[in-house]
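# Return atomic coordinates for the entry below.
(chains A, B and C)
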Amino acid sequence: MPIEQNADGLKVWQKRNRREQFTHWASWFIGVAVFVVCWQQISESTTWFFVWDAPRIAGDILTRATPPKWEYITQLGEPIWDTLNIATLGTLLALFLAVPTAFLAARNTTPSKTFIRPLALLIIVSTRSINSLIWALLLIAIIGPGVFAGILAIAIRSIGFCAKLLYEAIEEIDHKQVEAITATGASRWQVMAYGIVPQIMPAFAGVAVFRWDINIRESTVLGLVGAGGIGLQLSSSLNVLAWPQVSLILIVILFAVVLSEWVSAKVRGAII
Amino acid sequence: MLSLKSLTKTYRTGDKALVSVDIDIPNGQVVALIGPSGAGKSTLIRCINRLVEPTSGQVLLDDVDVTALSSSGLRRERRRMGMIFQEYALVERLTVMENVLSGRLGYVGFWRSFLRKYPQSDIDEAFRLLDRVGLLAMADKRADELSGGQRQRVGICRALIQNPALLLVDEPTASLDPKTSRQIMRLICELCQERGLAAIINIHDVALAQMFVQRVIGLQSGAIRFDGPPDGLSPDVLTEIYGEEDWQATIRKDEDEDTEAAVA
Amino acid sequence: MTTALNTKIGQPWRKPSFIKRAWLRWALGVSGVLYLIAAISSIEVNWSRVYEGLDRGAAFIMSFTRPDFVSRASDIWDGMLESLIMTVAASVVGILISIPIGLGAARNIAPLPVYLVCRSIVALSRALQEIIVAILLVAIFGFGPLAGFLTLSFATIGFLSKLLAEDIESMDRVQAEAIRATGAGWMQWINYGVQPQVMPRLIGLSMYRVDINFRESAILGLVGAGGIGATLNTAFDRYEFDTAAAILMIIIGIVMMLEYLSGVIRARVQ
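Model prediction:
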């Protein structure tokens, strides 16, 4: 916050001095320019005729999608069960793999900072950078379509997410408790079981439930690429333009998402 | 008998925490370690059970060279050295009983400890100790539900259930009120007497130390400046350890709680 | 005390269970196991297909050692550029819109009707999956990045407004009241009393959202909403694992870069 004297000798207060002011405005200018360029690109690859026609099309879809085809729900039982299984089993599998990864990645528990830690961090960043739909695409190419590919896709995507949150929790533990357990003559594994695990239990439970909630959402759409669950029905209904079925499926998905969020909030409340 | 022979610790930053310290503590003697913050008191205590690796020198506990031990040998020797911490260092999310039993970790295997299947003798001893410190009714409470003084009592039980020959006590009263501080110090010293334990107590409250111990060691910049009975702490000695200050008020034995609180 | 002690000596000790009621503990345990059995037995795994796939899996992993950036270079370049463009544009628009909605969704500064409207926008945006929104928008606006841009902007609003509103609701009241006490107007009050408190976190969250938007932009192409997803899909369909590996490596690289960048920016604003 510089105070400068102007030509008359009066003190002038400004939030920034001239140079800061300049960089400030320059960065705004560059930001706006980048945005304008981006927008032009989008605009160029858009058929504006369709966009101007959009309200009519939207209205058209809406009239065709209402009312939802309620009796179709009888055929959704099994897909919903599959979706639930993909999310739950995927989360369990992910947690099973994420815990060791997190211990290998945390600075204070990793056996080797130069070799194993970077490897664990690589696993974390690469699994969480890639969306579960892409993992599903890949797994379907490898092991064929179905629920199993969906479970693996959800699991792989969740490893990085869970391991990242867990290793951050491990790095934040109170070191004195670990020291106290070490001082009793406990072995490495005992120190882990008594000094570290109790401290990260709340984080672990929170992460597990949080990720399960997200995975319910994600598993509802995995079927779009053929990995099982209610997304399969959505995909086939869209392909034949059966809008009343689409609207029913969307309602079911919305309901599932809201329900899972409610369940995860309840469980988290009970644990923490 | 604990002997420290020219124990030296230099941290990687180049700070000399301990400079060739020699101390002999016979069995059953309770020693207070005083000195200003950063004098190396904590480092000294942690070098004895190698929570901090000493740079050079030896730690001999009944003629076993602790500094030369392999990791499994070190675990066995750590069982003989109970440690009590500043701010208790209990595992907050475990119950009182689990915290006490964790003192037996060096004696039981991993799966027994993991499944909480301790030998009956350990469980009985844990109950006896909890009864001794007056916390029997709290056994199944979680550690974070307890007050400061209660937590430190659990910490004491955890150290004693190791059946140690030596207690390492690091600022046991640092976060307690004056009355609780005295109770805790009295309890530690009584238990040492009952069991014939030697103890090294880090403490910055000089008056409290004088009240309870048989011998005081003054540490300054990692070197011993005073070693003798508590009565030998004259203003001159304290000035040498801590620097210039009016020491009369600190040494007076029956001071009121307010000054003690100010020192704490 | 000694009688209490005598009753305990010689008695076995068990850690008190997390769930106190025994019947509830057993019921939860049994139903959990039953669910797992039912769930696992309902999965149909074609093991011979999986076994055949192992070779392809190995081929895919091996392809990371020799990713092919060249043979589809122009597709990859166009797709990546489109993804980045959608990310930037959608993040800017999304952040700009989510600030007023976030203010409106904070109960401590917004009047009730505004609060309810803003909260329902947030809830709607959070409940609808990106990919589903993209499908609908593609059906309405036609193929192309515009649908992807709108999808990501809409998703950004739900994410950022909710967190911003929560942040505002948990801010320090005293600072805001002090500004109000000076006689400041509503805008001035927001500018001086609220903004300084929530700004660092808003910037951090915005950076995080840019990161998420980029990752999401990679899948929007699967339903025709622009970006690298279409190229990736084609590569998988044709078993061109070398090209797929190249694309995945670029995605991972860009995500790592964005994370690093957001770490630097967050460190600077806090």
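# Which positions in the stretch 151-264 of chain B make contact with chain A?
Taking C-beta under 8 Å from any C-beta of the partner chain as the criterion, the neighbours of chain A within the stretch 151-264 of chain B are B:155, B:158, B:162, B:168. Where you see a C-beta, it was placed from the backbone N, CA and C, and this is true even at glycine.
# Show me which residues of the stretch 151-272 of chain A sit near chain C.
Residues of the stretch 151-272 of chain A lying near chain C by C-beta under 8 Å from any C-beta: A:151, A:217-218, A:220-221, A:224-225, A:234, A:238, A:250, A:253-254, A:257-258.
# Among those residues, which one has the most neighbours?
The residue in those with the most neighbours, by other C-beta atoms under 10 Å in any protein chain shown, is residue A:151 (32 neighbours).
# just checking, what packs against the helix or strand containing that residue?
Taking DSSP states H and E as the criterion, the element that holds residue A:151 is helix A:147-171. Packing contacts for helix A:147-171, counted by 3 or more C-beta pairs under 8 Å, 6 or more residues apart in numbering or on different chains; DSSP states H and E, involve helix A:77-105, helix A:116-129, helix A:132-143, helix A:197-221.
# most tightly surrounded among the ones you listed?
Each of the helices and strands packed on helix A:147-171 was assessed for mean neighbour count using mean count of other C-beta atoms under 10 Å in any protein chain shown. The highest is helix A:132-143, with a mean of 26.
# So residue C:121 sits against residue C:98, correct?
No. In this structure, residue C:121 is not within contact of residue C:98 by C-beta atoms under 8 Å, at 9.6 Å.
# which neighbours do those two share?
Between them, residue C:121 and residue C:98 share these contacting residues under C-beta atoms under 8 Å, 6 or more residues apart in numbering or on different chains: C:157, C:161.
# These two: which is more packed in?
residue C:98 (30 against 19).
# Next, the contact list for residue C:197, please.
Counting by C-beta under 8 Å, 6+ apart, residue C:197 makes contact with C:171, C:172, C:175, C:176.
# The third one sits in which helix or strand?
With elements taken from DSSP H and E, the one containing residue C:175 is helix C:173-181.
# Give the buried residues for that helix.
With burial defined by 16 or more other C-beta atoms under 10 Å in any protein chain shown, the residues of helix C:173-181 counted as buried are C:176, C:179.
# pLDDT wise, what is the residue in the stretch 101-250 of chain C that chain B sits nearest to at?
Relative to chain B, the nearest point of the stretch 101-250 of chain C is residue C:170 (23.6 Å; C-beta to the nearest C-beta). Residue C:170 is assigned a predicted lDDT (pLDDT) of 82.
# number of nearby residues for it?
Here the count is done by other C-beta under 10 Å, and residue C:170 has 12 residues near it.
# pLDDT weak spots in chain B?
B:249-264 (pLDDT under 70).
# In it, which helix is the longest?
Counting residues, the longest helix in chain B under DSSP state H turns out to be helix B:178-195.
# Off-centre distance for the helix or strand where residue A:249 lies?
Using DSSP H and E, residue A:249 sits within helix A:243-271. Per C-alpha atoms, centre = their mean, to the nearest Å, the displacement of helix A:243-271 from the mean C-alpha position of its chain is 16 Å.
# Likewise for stretch A:120-137?
Relative to its parent chain, stretch A:120-137 has a centroid offset of 11 Å by C-alpha atoms, centre = their mean.
# export it as PDB, just CAs?
Listed in PDB are the C-alpha atoms of stretch A:120-137, where the atom choice follows Å, rounded to 0.1, in the frame of the first residue of the first chain:
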ATOM      1  CA  ALA A 120       2.600 -44.400  -5.300                       C
ATOM      2  CA  LEU A 121       2.000 -40.800  -6.200                       C
ATOM      3  CA  LEU A 122       2.100 -41.700  -9.900                       C
ATOM      4  CA  ILE A 123      -0.600 -44.300  -9.300                       C
ATOM      5  CA  ILE A 124      -2.700 -41.800  -7.500                       C
ATOM      6  CA  VAL A 125      -2.400 -39.000 -10.100                       C
ATOM      7  CA  SER A 126      -2.900 -41.300 -13.100                       C
ATOM      8  CA  THR A 127      -5.900 -43.100 -11.700                       C
ATOM      9  CA  ARG A 128      -7.700 -40.000 -10.600                       C
ATOM     10  CA  SER A 129      -6.900 -37.900 -13.600                       C
ATOM     11  CA  ILE A 130      -8.900 -40.200 -15.800                       C
ATOM     12  CA  ASN A 131     -12.700 -40.300 -15.600                       C
ATOM     13  CA  SER A 132     -14.400 -43.600 -14.800                       C
ATOM     14  CA  LEU A 133     -16.200 -43.500 -18.200                       C
ATOM     15  CA  ILE A 134     -12.800 -43.600 -19.900                       C
ATOM     16  CA  TRP A 135     -11.600 -46.400 -17.600                       C
ATOM     17  CA  ALA A 136     -14.900 -48.200 -18.600                       C
ATOM     18  CA  LEU A 137     -14.200 -47.700 -22.300                       C
END
